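S.K.: Need a 3D model of the sequence below.
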Amino acid sequence: MTDVLMPQMGESIVEGTLTRWLKQPGDTVARDEPLFEISTDKVDTEIPSPAAGVLREVLVEAGATVQINTVVGRIDDGASGSGAPAPAAKAEPAPVAAAPVAAPEPAAKAPEPAPAPVLASEDLGPISPLVRRMARENNLDLSAIPGTGAGGRITKADVESYLARGAQASAPAPVAAPVIATAPAPAPAPVAPLAAAPALSSADVAPVAPAEGAKVRVESMSTMRQKIAEHMVLSKQTSAHVTTVHRVDMTKVAKMRNSRKNAVKERYGFSLTFLPFITRAAAEALRAFPIVNASIQGTNVLYHNEVNIGIAVALENGLIVPVIKNADEKNVLGLQRSIADLANRARSKQLKPDEVQGGTFSITNFGSYGSLFATPVINQPQVAILGVGAVEKQVVVIDDAIAIRDMAYLALTFDHRLIDGALADQFCQRVKSVLENWSEEVL
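M.R.: Numbering: from 1, shown residues only. Down below sits the predicted model:
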């Protein structure tokens, strides 16, 4: 038998959600054939089978979130008689069943020895972004929370359990929690706004079921959609969003692209779009204005030495932002190759977690769907994102003469905590200058 484990998809990831089994017990599976799908804080991806054989057991059902290295299934690889491993596998449950429920108690009380993780905060080990967000939103000291995850790490369930115990133990202290719980009874004016938020959220759900004659269909959000929602709300709560829009003459770039796109398609097998030109211009501007390539950590500014540009990719049921590492070191063809490769593998769920991490700046090309400009949301922990509108022929005035030019709008959303409007506009002007004065003949 070969154990199928929940893999560790990146250093900071300590748990994952098994979203779907691609094989069922009794199915034959080849080595490296996709076996199940998982979703983490970073990416959705397919996990290949570690061995060839027959899937005998599914130990973790779809939708469950488990720690890394948890056995989620077993494959009979034929290496040894199936009779030998089977009793071995059942030898462990047998004592547990034979002994009263007292045997699982120590396992359930594993949090008791886990107070060992109540170390200094720097000794907590990797903490998932979701746990950090929950701690930040609830003003929690993570060093006070016992971790039950692998190596004593703190999980989402640990934080929820800690919050539940705290709410029960200190009922008088937090005024908001008891007041919300008994909101229907007291109706003082100051409490009304606090009770209103939960009331609205439940009211949104209530009409769906009881509505008479209403034709509705209720579906649970996918794991990816839930993650996107969390990240977008977190970004709006974290950064002071401001957007500046600049109109750019893309005529020189359009002429270059039109003269080379057929040759590029024939030779390399991918289309030449406007996006690599804009990415190249953005990379040059990021070198000139490193603060736009930075991030905020508390009251410190982290200036990144690498220019790692994330490119937003629209999926059938969501959005993901794979990262082009060291984008400033690539020419236009190299950038186009990277964009095409990352987009294709994102849509086929073949991205690795480290390919959606480490971004220092992001670009979203909403113009590919005809949008002229929009106000994109910053991809945390970055401090800016560039939105690219559709390139369209427009009538413009140049030197008091009317001309038809290929024009586009670039929208830069920036974090006003760190970047001021003047600097954001200077950054955009640098991008604009590179594109309007494009002179590179070699792509």
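S.K.: alpha carbons only for contacts and neighbour counts from here, please
M.R.: Noted.
S.K.: how close does Pro34 get to Glu355?
M.R.: 19 Å (C-alpha to C-alpha, to the nearest Å).
S.K.: Could you do Val397 as well?
M.R.: 43 Å.
S.K.: shaky segments in this protein?
M.R.: For the chain, the stretches with pLDDT under 70 are 9-13, 40-43, 79-130, 149-153, 167-213, 441-443.
S.K.: how does it divide up, domain by domain?
M.R.: Using automatic domain parsing, the domains assigned to the chain come out as 2-91, 121-176, 227-436.
S.K.: Just send the ones you listed back as TSV, with distance to Ser220 and mean neighbour count too.
M.R.: Listed next are the domains of the chain as TSV, based on distance: least, C-alpha to C-alpha, whole Å; neighbours: other C-alpha atoms under 10 Å:
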stretch	distance to Ser220	mean neighbour count
domain 2-91	11	17
domain 121-176	20	15
domain 227-436	13	18
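S.K.: now the ones you listed as CSV including distance to Glu219?
M.R.: Shown next, in CSV, are the domains of the chain (distance: least, C-alpha to C-alpha, whole Å):
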stretch, distance to Glu219
domain 2-91, 14
domain 121-176, 23
domain 227-436, 13
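S.K.: Now for Val242: which residues touch it?
M.R.: 413-416 (C-alpha atoms under 8 Å, 6 or more residues apart in numbering).
S.K.: and whichever strand or helix holds it, which strands flank it?
M.R.: Secondary structure from DSSP states H and E places Val242 in strand 241-249. Using DSSP bridges, the strands paired with strand 241-249 are strand 401-415 (antiparallel).
S.K.: And for the strand it pairs with, what's in contact with it?
M.R.: So strand 401-415 is contacted by 239-251, 254, 372-378, 383-397, 424, 428 (C-alpha under 8 Å, 6+ apart).
S.K.: for stretch 336-356, same thing?
M.R.: Against stretch 336-356 from outside (C-alpha under 8 Å, 6+ apart): 9-10, 42-46, 270, 272-273, 275-276, 310-311, 313, 315-316, 320-324.
S.K.: In strands, which of these fall?
M.R.: Among those, the members falling in strands (DSSP state E) are 44-46, 310-311, 313, 315, 320, 323-324.
S.K.: Tell me the one of the residues you listed nearest Ile154?
M.R.: Asp44 (21.9 Å; C-alpha to C-alpha).
S.K.: Which residues are in contact with that closest one?
M.R.: For Asp44, the contact set (C-alpha under 8 Å, 6+ apart) comprises 37-38, 224, 349, 351.
S.K.: With Ile75 instead?
M.R.: Counted by C-alpha under 8 Å, 6+ apart, Ile75 has contacts 1-4, 51-57.
S.K.: What strand or helix carries it?
M.R.: With DSSP H and E as the criterion, Ile75 is inside strand 71-76.
S.K.: and if you look at Asn258?
M.R.: With DSSP H and E as criterion, Asn258 is part of helix 251-268.
S.K.: what packs against that helix?
M.R.: Where contact means 3 or more C-alpha pairs under 8 Å, 6 or more residues apart in numbering; DSSP states H and E, helix 251-268 is packed against strand 401-415, helix 421-436.
S.K.: and the angle from that helix to strand 401-415?
M.R.: 70 degrees (axes from the mean of the first three to the mean of the last three C-alpha atoms, to 10 degrees).
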